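J.: here is the input, now give the coordinates:
(one chain, ligands or ions: 2)
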Amino acid sequence: MKRLKIIKKPKSYFKTEPNMKDYDKTRRKFKYKDYYSELDFFKGGKMNAAYNAIDRHTMDWRRNKLALLWVDDTQEKKYTFREMKNYSNRFANVLKKYGAKKGDRVFHFLPRLPEIYMSFLGTLKTGAIAGTMFAAFGPEAIRDRLQDSGAKFLVTNRELVKRVYKVKRQLPALKHIFIVDDKPRKKGEINYWEEMNAASRKFKVAEMKKTDPAFMLYTSGTTGKPKGVIHSHLAILHEHMTAKWVLDLHSEDMYWCTADPGWVTGIAYEILGSWSNKVTSLIYAGRFNPAKWYEIIEKYEVNIWYTAPTAVRMLMKSGSKLPKQYDLSSLRHMLSVGEPLNPEPLYWGLKVFGLPFHDNWWQTETGGILISNYPSMPVKPGSMGKPFPGINAVIIDDNGKVLGPGVEGNLAMKPGWPSMMKGIWKNKKKYNKYFLKGWYISGDKAMRDKDGYFWFIGRSDDVIKTSGERVGPFEVESALVAHPAIVEAAVIGKPDPLRGEIIKAFVTLSKGYKGSDALKVKIQKYVKKHLAGHAYPREIEFRANLPKTQSGKIIRRFLKAEEMGVKLKDLSTMAK
Ligand code: ATP
Ligand code: MG
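T.: Ligands and ions are numbered 1, 2, ... in the order given. Here you go, the predicted model:
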C-alpha cells in the first residue's frame, strides 16, 4: 500500500488541552490501582457502577446539570443528573417490588428511548444484571438471547412485545414484562410508568464486589453465533479512563455517541464511562440522515462525536457540499469504532470538518477501548493507533510466541484489565478458548509497526490465502474504497482450484456510476496500481447494499456462504 501521510497536530489544532497530554509518559507509569481515586467506593472496597455513573455527581451543583439530552425528529427531552438518579432509583424500587434479586437478568428491548438509560442504571443499582437488545431484532434473535440468559424481567413496548410473544413459550424464565407505553393486556405485563410514578425516588444502592456482574451483552454475531459476554461493576474504571483519555471528555462537553444501546459501545460510552465523566450525553433516536446529523451538530453545538465507519462512509457518499451548509465549528474531537476505518473517509473528514476521525479498536469482550488514536498523538491513517496505557497488546503467532514489528499475527493482550469480560454466560469452554499461553486472543489479525502503531488486517477467519500469499481484506477494501466509483466494499476469499482462493469483491457504487465490465477492469487496474499486483479482486460484483449487523458491521461470512452455496442458519443479527 502507498505510504500515507501522517496527520500531525500543530498547537493551533487544540481548542482545549487534551486530558492526556503525553502518551508515552502516561503509559510508562500507568497502574489501574493508581486511578481508583477517579471512582467512588463504599466501605470495604464495595462499589456500584450506576452510582459512579450518575449518583456521585448529584452531591454538588452538577445535580442540576443536563445528563441526557434526548432528541428525535419531533421532540426533545432533557434529564439532569438528579433526575437520572431519581428515575433509576424508582426503577430499582419497582424491580425489588417484583422480587428482583442480585444476579437476576433484566433485559431491555426498546428503541433508543430514555427509559433504557433509566432502567439500565436502576437494574445495576439493585445488583441484578442488565442486558440490552437492538429494537430491530426479530423473534429468533430475541429468543436466543432471552433463552440463553434466562432473563426474568424484560422492559419493552407494545409494538416490540409482539415479537416476544411469538417465542414466549420457549422462554420459561421470563416472568415480568414492563410495557413503557401501554396498559397491561396480558398476564405478566406491568405498566412501567404507573409503577415508576408510584415508586419512591429513594433507594439504597446495592454495594457490590468489584468483580460482581453488572451487565451482559451478546456480541455482534459478525463471525458466528453471538456470545453472552459478562462484565463486572469495576469495568467502569477502564470505561471511565478511556472516556477521559480517548474520547477526551471534559465535563462541559456536549457529547454525541451515535451507537445504539443494543451494542456495547452504547453501554460503555453512553451510560457508564461517559456519564462517569459528567458530560451531557446527546442521544438522537431518529433514523440516519446526513442533513439531520449535521443539523444536530450545529444546533446542539456538539463537541465530541463518536461514530462508526459505515456512518462516515455514508456521510461521504452524500457529498462535501452538504456539510458546508452548517456551522460545525463546535466539533473538537471525532472518533470511529466497530470496523476498520479506511483512510479515504478519514481524509474526507479532515477536508470537511478540519479534524481527522480517530479510529479505535475494541470488542464486546474487552468492555472498553484497548487500542486507539489519541488527541495528543499524530494519526497514521489506516492504523487503529496504540494500546491504551495499562494495556499490554502484542502480536503473537499461533503458538503464543510474541512477534516483532512488521510481522502479521494474532492480536493479543495480557489479561487482567478491569473491563475484561468475566465470563461467557453458561459457556466456560468458550471462555477458556480465548486464552493461549497467558494471552487473551482477540480473534483478529494485525501488525505492529516500529513506532508501536497497530494495523488491523482482518478477522482471523477472513484472511485470504491466494497463490501462496496471505492477503488481509482490510487493505484491499481500503484500496477499493479509495476509487471514486466505490462507496463500500467487502472482499472474501473464494475457493479456486488453481490459486487456493481468489479475491472476490462486493462493492456498492457512488451516485452517478453504473456497474459494467469496463468499470470492473478500471477498478482492478486501480487496485493493482495502488496496492499490489497479486492482491486485486479477480471477481467484482456490484451490489445495492452489503449485508451488515445492527451495529453496521459488514458480515463477510454471509457473502462467503452465499458464494459457496451454503445456507446459513443464524441470520438473526443481520440488519434488514
Ligand atoms: P462476533 O464476535 O459475534 O463475531 P463482533 O466481533 O463483530 O461479533 P463486536 O464485539 O461488536 O462483535 O466487535 C468486535 C470486533 O469488531 C473486533 O474483533 C474487530 O474485528 C472489529 N473492530 C472493532 N473496532 C475496530 C477497528 N477500529 N478496526 C478494525 N476492526 C474493528
Ligand atoms: Mg467478536
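J.: I'd assumed residue 152 was in contact with residue 104.
T.: Yes: at 5.1 Å, residue 104 counts as touching residue 152 under the criterion of C-beta atoms under 8 Å. Bear in mind the C-beta positions are built from the backbone N, C-alpha and C, glycine included.
J.: which parts of the protein sit against ligand 1?
T.: Contact residues (C-beta under 6 Å from any ligand atom) of the chain with ligand 1: 219-224, 226, 264, 337-340, 359-361, 363-364, 384, 442-444, 456, 459, 551, 553.
J.: of the residues you listed, select the buried ones using a PyMOL command.
T.: The PyMOL selection below is limited to those of the residues of the chain next to ligand 1 classed as buried (16 or more other C-beta atoms under 10 Å):
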select buried, resi 219+220+221+222+223+226+264+337+338+339+340+359+360+361+363+364+384+442+444+456+459+551+553
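J.: sitting in helices, which of the residues of the chain next to ligand 1 do you find?
T.: residue 264 (DSSP state H).
J.: just the residues of the chain next to ligand 1: which are in strands?
T.: 337, 359, 360, 361, 442, 443, 444, 456, 459 (DSSP state E).
J.: could you give the bridge partners of the second one?
T.: Just to be clear, that refers to residue 359. Bridge pairing for residue 359 (DSSP bridges) gives the partners residue 336.
J.: what mean pLDDT does stretch 518-536 get?
T.: Mean pLDDT, stretch 518-536: 89.
J.: with just CA atoms, put that stretch into CSV.
T.: Coordinates of each C-alpha in stretch 518-536 appear next as CSV, following Å, rounded to 0.1, in the frame of the first residue of the first chain:
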residue,chain,number,x,y,z
ALA,A,518,-15.4,-1.8,-18.3
LEU,A,519,-15.7,-0.4,-14.8
LYS,A,520,-14.6,-3.7,-13.3
VAL,A,521,-11.5,-3.6,-15.3
LYS,A,522,-10.8,0.0,-14.3
ILE,A,523,-11.3,-0.9,-10.6
GLN,A,524,-9.0,-3.9,-11.0
LYS,A,525,-6.3,-1.8,-12.6
TYR,A,526,-6.7,0.8,-9.9
VAL,A,527,-6.2,-1.7,-7.1
LYS,A,528,-3.2,-3.3,-8.8
LYS,A,529,-1.6,0.1,-9.1
HIS,A,530,-2.3,1.3,-5.6
LEU,A,531,-2.0,-1.9,-3.6
ALA,A,532,-0.2,-4.9,-5.2
GLY,A,533,-0.3,-7.0,-8.4
HIS,A,534,-1.5,-10.1,-6.6
ALA,A,535,-3.9,-8.5,-4.2
TYR,A,536,-6.5,-7.3,-6.7
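J.: now the strands for the stretch 51-200 of the chain?
T.: With DSSP state E, counting those that start in this stretch, the ranges of strands along the stretch 51-200 of the chain come out as 66-71, 76-80, 105-109, 129-133, 153-156, 176-179, 189-191.
J.: show me what the first one is packed up against.
T.: Going back to what we said before, that points to strand 66-71. Applying 3 or more C-beta pairs under 8 Å, 6 or more residues apart in numbering; DSSP states H and E, one finds that strand 66-71 contacts strand 76-80, helix 81-97, helix 114-126, strand 280-284, helix 290-300.
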